[in-house]
Every structure is written in C-alpha cells, then in structure tokens.
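Asks: model the structure of this input:
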Amino acid sequence: MRRKAFLAALPYTLPIFAGFWFLALAYGILMNVNGFSFIYPMFMSLLIFGGSLEFIVVTMLMSTFAPLQAFTIALLVQARHLFYGITMLDRYKGTGWKKPYLIFGMCDESFSINYTADIPEDVDQGWFMFFVTLLNHFYWVSGATVGGLVGSLLRFNTKGIDFVMTAMFVTIFMNQWMKEKKKYTGIIGIGSTLLCLIVFGADSFMIPAMLMILVLLTCFRKPIEQSYAQEEEGDPL
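Replies: Numbers count the residues shown, from 1 in each chain. Okay, the predicted model is just below:
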C-alpha cells in the first residue's frame, strides 16, 4: 500500500524537485555568503519549511533582535496557509498519525498537488498526500543543505532565479485550467485577484483576494458542484 502510494506520488513531485532545488540551493548559498554554517539552512529548511519566509529570515538574522516584528512578518508572509488549511479540512480527515505532519508540511506546492491530483482508486489517499509532502520537504531540505555546503565554492549571480517558482505555479494553473471544461473556479480566482490587486495594490492584495475567493466559492459552492456533477454525467448545461 505504501509502496504503491509512493510510486503514485513521485511523478507529481518531480517538477517540484527541479524548482525547489534551484531555490533551495540559492538559499543555502545566500546563507553561506552571509557567514552562516550549512547547519543553519539545513535546520531552518527542516523546521520552518517556508521558502519565501526563510529568505526573509536571512535579513532578520543580520538585523537587531525584534521578535514582535519577526512574528508579524512571518504571519503576513505565511497567512495564505490559513486558507489552504480550510480547503484541506475534508481531505485530511481519517489520515490518523499522518495528519500533524501533513499540516506542518503543507507548502504551496504540496497543497497544489494534494488538492488537484487525480489519485488512483487503488491508492490510499492519506499515504499519497503523506509522500507528496515528505518528498517536497526532502527536496527543499537537501537543496538548502547542499547549497550551504558548496556555497563558498561557487561564484555566480542568482538574480532572477526565484522566477522558477512563478513559472511552476503558472504551469500548474494552466494544467488545471485546461483540464476543466467549465472554468468557474478559475474565473473566480482570476477576477478576485485582479480586482484586489487594483484596489489594494501589489503589496497588500493577497489576503483580501483569498478572502474574496473563499467567500465567492462558499456562496456559489452548490451551483458549481452541481455543474461539475452534470459534467461528469455527460449532461451539459
């Protein structure tokens, strides 16, 4: 059962491996350049496991000790996971001892896979999600550790390397967009994000956009589910 779940999860995570290793290596190298031993990126990636937050923490470690400011920044940067958690409440039911780790390890990429993947009927859903989370976690920790170890030996400009993650999310979105015949959820997501971007600006639009998406999906949940059910039955609207 576990082997089958692992083999089912592995292909979904391989594209994440490519993106994570580029960014994690850059993160480990950045820590090394700033005078930190590889122990720092290794344990920070293992325990924090929040890519964008970990890059910010590098600056925090070089600045004056300010725990309240650090907490506020961490909350704002990672606030999107509150909405991920609400979305995954039903999917995490019945996963037993794996649930605490699934909650801890739910990064953007693991959420995207576990929420959208077509899990084969003969594969245990809990083990599938566990291995997706574990593999992505391993990719990030190993990349950061290697970057911290070899950072002093490398000399290249890493500017722009973080666009790898943006490109990956665009690919995931386009894959989901093309898979669905009815684009209701995608339209809600795009429309809400654009509106909040215009109203709140680039620095503050994320949380309002997620709230708006959550409210709209909640309000229109039944008609959307009915439409998808009719689509599966071959009964077009």
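Asks: quick check: what element follows the worst-scoring helix or strand of the chain on mean pLDDT along the chain?
Replies: Sorted by mean pLDDT, DSSP states H and E, the helices and strands of the chain end with helix 163-179, the least confident at a mean of 68. Using DSSP states H and E, the helix or strand that directly follows helix 163-179 along the chain is helix 184-200.
Asks: can you report how many residues neighbour the residue lying closest to N32 once chain neighbours are set aside?
Replies: The shortest distance from N32 to any non-neighbouring residue, by Cβ to Cβ, 6 or more residues apart in numbering, is to G151 (2.9 Å). (Glycine included, C-beta is placed from N, CA and C.) Residues lying near G151 (other Cβ atoms under 10 Å) number 22.
Asks: now find how far off-centre the longest helix along the chain is within its chain.
Replies: The single longest helix within the chain, with elements called by DSSP state H, is helix 2-33. Chain-centre distance of helix 2-33: 12 Å, with Cα atoms, centre = their mean, to the nearest Å.
Asks: output the contacting helices and strands for it.
Replies: helix 39-47, helix 51-61, helix 108-116, helix 125-150, helix 163-179 (3 or more Cβ pairs under 8 Å, 6 or more residues apart in numbering; DSSP states H and E).
Asks: could you tell me the angle between that helix and helix 125-150?
Replies: 30 degrees (axes from the mean of the first three to the mean of the last three Cα atoms, to 10 degrees).
Asks: from here on, count from 202
Replies: Yep, numbering from 202; the last one is helix 203-234 now.
Asks: list the buried residues of helix 203-234.
Replies: Within helix 203-234, the residues that count as buried by 16 or more other Cβ atoms under 10 Å are 206-207, 209-210, 213-214, 217-218, 220-233.
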